[in-house]
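Sequence first, predicted coordinates after that:
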Amino acid sequence: MDINEIARAMTADIYQAFKTAVELRKWPNGERLTPEQTATCLQAIIAWETQHVPVEERVGYIPPKEEPCADDSHIHTHETPLKWQ
């Protein structure tokens, strides 16, 4: 079963349980997640969100900047010939 099949089989409750487990690094019974379980849960969360959650609401979403963070005058918009000496 690949991660997309797992995501299709997941319910919203399982998705939320995985998110909580990753956030707390432990299962509801208190047992710690292994690194492999954490990675698998994160993959399942991302795959489930791809199918059910708008882009702006997904884990890790960073909105695009509306304004440049610096003056763009230093960026060359035309080619300058290379001069060999």
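Right, received. Where do you want to start?

State the distance from Met52 to Pro28.
That one is not Met; residue 52 is His. His52 sits 22 Å away from Pro28, going by C-beta to C-beta, to the nearest Å. Every C-beta, even on glycine, is put in place using the N, C-alpha and C of the backbone.

Who has more neighbours out of these two?
Neighbours of His52 and Pro28, each counted by other C-beta atoms under 10 Å, are more numerous for His52; the result is 13 against 9.

give me every residue that touches the more buried one.
Ala12, Tyr15 (C-beta atoms under 8 Å, 6 or more residues apart in numbering).

In the protein, which residue is most central in space?
Using C-alpha atoms, centre = their mean, the residue of the chain that lies closest to the mean C-alpha position is Gly60, 4.3 Å off.

Report pLDDT for that residue.
You'll see Gly60 listed with a pLDDT of 85.

swap in Glu56?
91.

Compute the number of surrounding residues for the closest residue to it other than its chain neighbours.
Of all residues not flanking Glu56 in the chain, Pro63 sits nearest, at 7.1 Å (C-beta to C-beta, 6 or more residues apart in numbering). Pro63 has 7 neighbours, counted by other C-beta under 10 Å.

do the same with Ile62
5.

Show me what counts as buried in the helix or strand that contains Gln37.
Here Gln37 sits within helix 35-52, counting by DSSP states H and E. Residues of helix 35-52 classed as buried: Gln37, Thr40, Cys41, Gln43, Ala44, Ile45, Ala47, Trp48, Glu49 (neighbour count, 16 or more other C-beta atoms under 10 Å).

Was I right to think the third one contacts Thr20?
No - distance between Cys41 and Thr20: 9.8 Å, which falls outside the contact criterion (C-beta atoms under 8 Å).

Which is the succeeding secondary structure element to the helix or strand containing Glu5?
Here Glu5 is covered by helix 3-9, with elements defined by DSSP H and E. Counting by DSSP H and E, the next helix or strand C-terminal to helix 3-9 is helix 12-24.

Could I get the buried residue list for that next one?
Neighbour counts over helix 12-24 (16+ other C-beta under 10 Å) mark Tyr15, Phe18, Lys19, Ala21, Val22 as buried.
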